[in-house]
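Enquirer: just coords:
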């Protein structure tokens, strides 16, 4: 502790250099915090995917519909536990910019397949009884301030009603939560039959099937059996685990993991060079002072620790400020992006990861000058200084 | 057990290897420094004055021979043992002061005390005593950049004596000062020797500075040419 004052005074002796170096670290950790939170939000669907859940889509393109008849056929395949289905509605509330993820689903099976979703039996019964009822996810209800009993007009930018117009008047019959706060509840579901009967295109199609298997170990076998069942038909299928499906869906906008790794790597590589160079120069300028400290009786290991402490302090100074700024930025953005990225949050695990990187950065950038100081011979220190 | 001599150097040798050439600085040097001595070492450049001071201060180690300090051999100590030995026994005063530019006077003086187990309060008491001794108590909070050369050297002296070492090693302590300030610093060293019993070894080029010492040794090509001088005590 007695050396901490010396460490602090050394760190702050050149204010402009301290400011600029801290700024570089600040920016790197701001990028790290924000981008990692974004990655977490994008991956939350993948992480929350159930092990025994499979998704069946049209082989050509997952936006192509599948015949409704597939629901029963899939249900009869060995190893399939429960099947449900969903159709994309493309909803918005009041204004097209105010998008609301809405799907038409089978009320009798949807919540059985998505067993992590929680809804009270009373609300479930009310929803099943009302064909024009809608079950709203907790997060979506909170964002729009919707309550059970509210009548909400939901418009589609894809479908129109038989009677004209694009807006369906739906009544909020229930609000569903989830067993895990990471599970997405930023969407809503309404009755498939009601949707099919009221939309102008008609037809007897479903958008995709979702099913649970009896055991995750037979996922591959079941998927193969499903795809073989519909091989050479007009609507061939592509069955994959929910995790793989979500991952592929996210990767449509690119290899997010690689992009994020690239951004973070560049940011850290840059500060590693900047801070490392700064530390080497700073300690080289102090060669004579280090020689004086050694002459006075400060041991080499002690000076080694002081220099490492200085580089770590610098790293934590810029890093904590950057992480704090990232937290504020993510927190602010999460309100605006709640509909699209419901799990955008800079949580404890990201903060812990960042703290680890700060420590690592401090040690890596300080180790070279610290070793130089450790090895410095007093006499040559005075002559160099 | 007490020893009359603070330092005994026996058959001391020091050689440097520079490329393929071996340069001998000392070869069989003998020397004794009694406790309470104020010794000035003079000699031309390259005569080995600073090397000798480094060997006495334990910042350099001899190639051969013995260095005995207060009855204890120090030439065979490890680097970490020497570091502790220096902290406990030696105070250094340099030509260019070598203060830490980011620390004020009192924090500079406190440095050697950071190596002790003294509390913060005890350290500050000692720091202020040392600053008072060199007449700079009112400059305790001043930064080195705000002080003159003479004041800086006084702070350096305060730093050298604050841990109460047995020996002060001074390397051209007045080499960067004007005559009047140099005399003030030398009088201060004299006072430390006379009134506080500090043994002082001072390397200097300046015959006027050497006159403040109890005796002067002339070093030439690694050998002493002793011309003892009586200290001209100021009345």
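Expert: Nice, thanks for sending it over. Remember, it's a predicted structure, so these values are computed and weren't measured experimentally.
Enquirer: please list all residues in contact with residue A:358.
Expert: Contact partners of residue A:358, counting by CB atoms under 8 Å, 6 or more residues apart in numbering or on different chains, are A:29, A:312, A:315, A:316, A:319, A:320. Every C-beta, even on glycine, is put in place using the N, C-alpha and C of the backbone.
Enquirer: try it again with 7 Å
Expert: When contacts are counted by CB atoms under 7 Å, 6 or more residues apart in numbering or on different chains, residue A:358 touches A:315, A:316, A:319.
Enquirer: and the closest residue to it other than its chain neighbours, how many neighbours?
Expert: Among residues not flanking residue A:358 along the chain, residue A:319 sits closest, at 3.8 Å (CB to CB, 6 or more residues apart in numbering or on different chains). Residues lying near residue A:319 (other CB atoms under 10 Å in any protein chain shown) number 27.
Enquirer: can you pull the buried residues of the strand or helix carrying residue A:319?
Expert: Per DSSP states H and E, residue A:319 falls inside helix A:300-336. Neighbour-count burial for helix A:300-336 flags A:300, A:302-327, A:330, A:333-334 (criterion: 16 or more other CB atoms under 10 Å in any protein chain shown).
Enquirer: just checking, what packs against it?
Expert: The contact analysis (3 or more CB pairs under 7 Å, 6 or more residues apart in numbering or on different chains; DSSP states H and E) places helix A:300-336 against helix A:2-11, helix A:15-47, helix A:256-285, helix A:287-296, helix A:348-375.
Enquirer: quick one, strands of chain B?
Expert: B:5-18, B:21-34, B:38-42, B:64-69, B:72-73, B:90-93, B:167-171, B:199-203, B:215-220, B:223-227 (DSSP state E).
Enquirer: ranges for the helices of chain B?
Expert: Counting by DSSP state H, residue ranges of the helices within chain B are B:49-56, B:79-89, B:105-110, B:120-133, B:149-161, B:179-196, B:207-210.
Enquirer: residues near whatever residue of chain B ends up closest to chain A, how many?
Expert: Nearest residue of chain B to chain A: residue B:87, at 2.5 Å (CB to the nearest CB). Using other CB under 10 Å, residue B:87 has 20 other residues around it.
Enquirer: pLDDT score for whatever residue of the stretch 201-350 of chain A ends up closest to chain B?
Expert: Nearest residue of the stretch 201-350 of chain A to chain B, counting by CB to the nearest CB: residue A:297, 2.5 Å away. Residue A:297 carries a pLDDT score of 93 in this model.
Enquirer: residue A:368 too?
Expert: Reported pLDDT for residue A:368: 93.
Enquirer: how about it: what's its closest non-neighbour residue?
Expert: Closest to residue A:368 by CB to CB, 6+ apart is residue A:280, at 6.0 Å.
Enquirer: who's in contact with the residue of chain B closest to chain A?
Expert: A:296, A:297, B:112, B:115 are the contacts of residue B:87 under CB under 7 Å, 6+ apart.
Enquirer: could you do residue A:333 as well?
Expert: Residue A:333 makes contact with residue A:344 under the criterion CB under 7 Å, 6+ apart.
Enquirer: what does the pLDDT read for it?
Expert: Residue-level pLDDT assigned to residue A:333 equals 87.
Enquirer: that one and residue B:84: what is the separation?
Expert: Distance, residue A:333 to residue B:84, by CB to CB, to the nearest Å: 57 Å.
Enquirer: now do residue B:176
Expert: Residue B:176 is 30 Å from residue B:84, by CB to CB.
Enquirer: what do you get for residue B:15?
Expert: 27 Å.
Enquirer: nearest spatial neighbour of the residue nearest the centre of chain B, chain-adjacent residues omitted?
Expert: Residue closest to the mean C-alpha point of chain B, counted by CA atoms, centre = their mean, is residue B:169 at 0.9 Å. Of all residues not flanking residue B:169 in the chain, residue B:57 sits nearest, at 4.8 Å (CB to CB, 6+ apart).
Enquirer: can you count the residues close to the one you found?
Expert: 21.
Enquirer: one more: the one 10 residues further on?
Expert: As a burial measure, residue B:67 scores 21 neighbours (other CB under 10 Å).
Enquirer: which residues are in contact with it?
Expert: B:9, B:12, B:55, B:73, B:74, B:75.
Enquirer: show me what contacts the nearest residue to it once chain neighbours are set aside?
Expert: What sits nearest to residue B:67 in space, not counting adjacent residues and going by CB to CB, 6+ apart, is residue B:75, at 4.1 Å. Going by CB under 7 Å, 6+ apart, residue B:75 touches B:61, B:62, B:66, B:67.
Enquirer: Serialize the residues you listed to CSV and add fields for pLDDT.
Expert: Converted to CSV, the contacts of residue B:75 look like this (pLDDT from 0 to 100):
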residue, pLDDT
B:61, 89
B:62, 93
B:66, 93
B:67, 93
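Enquirer: number of residues surrounding residue B:183?
Expert: The number of residues packed near residue B:183 is 15, by other CB under 10 Å.
Enquirer: pLDDT at it, what is it?
Expert: At residue B:183, the pLDDT recorded in the model is 93.
Enquirer: residue A:35 too?
Expert: pLDDT, residue A:35: 89.
Enquirer: and the angle for the worst-scoring helix or strand of chain A on mean pLDDT with helix A:256-285?
Expert: Of all helical and strand segments in chain A, the minimum by mean pLDDT, DSSP states H and E falls on helix A:242-250, at a mean of 77. Angle of helix A:242-250 versus helix A:256-285, following axes from the mean of the first three to the mean of the last three CA atoms, to 10 degrees, is 70 degrees.
Enquirer: could I get the buried residue list for helix A:242-250?
Expert: Residues A:242, A:243, A:244, A:245, A:246, A:247, A:250 are the ones in helix A:242-250 that count as buried (16+ other CB under 10 Å).
Enquirer: so what secondary structure elements neighbour that helix?
Expert: The contact analysis (3+ CB pairs under 7 Å, 6+ apart) places helix A:242-250 against helix A:15-47, strand A:53-58.
Enquirer: residue A:174 is in contact with residue A:126, correct?
Expert: Yes. Applying CB atoms under 7 Å as the test, residue A:126 and residue A:174 come out as touching, 6.4 Å apart.
Enquirer: give me the more crowded residue out of the two.
Expert: residue A:174 (24 against 18).
Enquirer: which of the helices or strands spans the more buried one?
Expert: strand A:167-178.
Enquirer: list the contacts of the residue nearest to residue B:169.
Expert: By CB under 7 Å, 6+ apart, the contact list for residue B:57 reads B:86, B:90, B:92, B:169.
Enquirer: near chain A, which residues of chain B?
Expert: B:54, B:59-60, B:80, B:83-84, B:86-87, B:92, B:98, B:100, B:102-103, B:111-112, B:114-115 (CB under 7 Å from any CB of the partner chain).
Enquirer: list buried residues within those.
Expert: Neighbour-count burial (16+ other CB under 10 Å) applied to the residues of chain B next to chain A gives B:54, B:59-60, B:83, B:86-87, B:92, B:98, B:100, B:102-103, B:111-112, B:114-115.
Enquirer: now, among the residues you listed, which is nearest to residue A:148?
Expert: Residue A:148 has its nearest neighbour among these in residue B:102, at 65.8 Å by CB to CB.
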